[in-house]
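*Asks:* The sequence and its predicted three-dimensional model are supplied below.
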Amino acid sequence: MGLQDRDYMKERLRAALRTPNPRGNNSGPPNPAVRDPLQSYISIATTLCVGIWLLAGYLFFQRSALPLPPTGIYQVYPGGQRPGQPAPLRVKAQSPNHHNYLVKISDWSTDQPVMTMFVRDGEEAEATLPVGTYRLKFAEGSQWRGDKALFGMFTRYTQSANPVMLKPTATGTVGVVLYLSSHLNGNFTTQPSSFQ
């Protein structure tokens, strides 16, 4: 391609990009203020539809929220409690996102559920469990949707990466206190999980 061909193609591109001006000639840069009215109406209608859809979803989401359960033991599973020396487990929620937690406590080796605890943001729940090794699963969210949906579609599920041990000692038992807050490099490691 020679220089003349290049210049011809550039001029052809410029002419295609120009919009007609009111004087009838096609010289000068395109006028950004001149828009096709149909394009403007489509743009406004699309924006309104998206806005109405988002508002309806937000209102439905707000309306379907249930009152939060009280902080404490939420459910005890039949057959989950076994005999043994009791030890305390305390869980405190300190979420920077103001999230509440449903904590499911299961036996580490059998995965038999023992109980669930509900912990509201900024509050502390305590339970007494037999000495043993446990797996903790967490459902985290802001608005309660009930036993099946938990915190709705925004529920975040995690579980303890390592066992939580309640141990007997010569002077009694050693309990565990957990502070639930999202920190990088914290001392209680969690991993993504389901709540089953």
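*Replies:* Thanks, I have the structure now.
*Asks:* alpha carbons only for contacts and neighbour counts from here, please
*Replies:* Will do.
*Asks:* Pull up the gap between residue 147 and residue 104, please.
*Replies:* Residue 147 is 12 Å from residue 104, where distance means CA to CA, to the nearest Å.
*Asks:* which of the two has more neighbours?
*Replies:* When residue 147 and residue 104 are compared for neighbours, residue 104 comes out ahead with 23 against 7, by other CA atoms under 10 Å.
*Asks:* What mean pLDDT does the strand ranked longest in the chain get?
*Replies:* Secondary structure of the chain read by DSSP state E shows that its longest strand is strand 132-141. Confidence over strand 132-141 (mean pLDDT, whole number) is 92.
*Asks:* Kindly report the same for stretch 42-56.
*Replies:* Rounded mean pLDDT across stretch 42-56 is 84.
*Asks:* try stretch 166-186
*Replies:* Averaged across stretch 166-186, pLDDT comes to 76.
*Asks:* That one: how far from the chain's middle?
*Replies:* Relative to its parent chain, stretch 166-186 has a centroid offset of 26 Å by CA atoms, centre = their mean, to the nearest Å.
*Asks:* could I get that stretch in PDB with only the CA atoms?
*Replies:* Extracted in PDB, the C-alpha atoms of stretch 166-186 (Å, rounded to 0.1, in the frame of the first residue of the first chain):
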ATOM      1  CA  LEU A 166     -12.200 -29.300  73.900                       C
ATOM      2  CA  LYS A 167      -9.700 -31.100  76.200                       C
ATOM      3  CA  PRO A 168      -9.700 -32.300  79.800                       C
ATOM      4  CA  THR A 169      -6.800 -31.200  82.000                       C
ATOM      5  CA  ALA A 170      -5.700 -32.000  85.600                       C
ATOM      6  CA  THR A 171      -7.500 -28.900  86.900                       C
ATOM      7  CA  GLY A 172     -10.700 -29.300  84.900                       C
ATOM      8  CA  THR A 173     -11.500 -28.800  81.200                       C
ATOM      9  CA  VAL A 174     -10.200 -26.400  78.600                       C
ATOM     10  CA  GLY A 175     -12.800 -24.600  76.600                       C
ATOM     11  CA  VAL A 176     -12.500 -22.600  73.400                       C
ATOM     12  CA  VAL A 177     -13.400 -19.000  72.700                       C
ATOM     13  CA  LEU A 178     -13.800 -18.100  69.000                       C
ATOM     14  CA  TYR A 179     -14.000 -14.500  67.700                       C
ATOM     15  CA  LEU A 180     -15.700 -14.600  64.300                       C
ATOM     16  CA  SER A 181     -14.300 -11.700  62.200                       C
ATOM     17  CA  SER A 182     -12.700 -11.700  58.800                       C
ATOM     18  CA  HIS A 183      -8.900 -11.200  59.300                       C
ATOM     19  CA  LEU A 184      -6.100 -12.200  56.900                       C
ATOM     20  CA  ASN A 185      -3.600 -14.500  58.600                       C
ATOM     21  CA  GLY A 186      -5.900 -15.000  61.700                       C
END
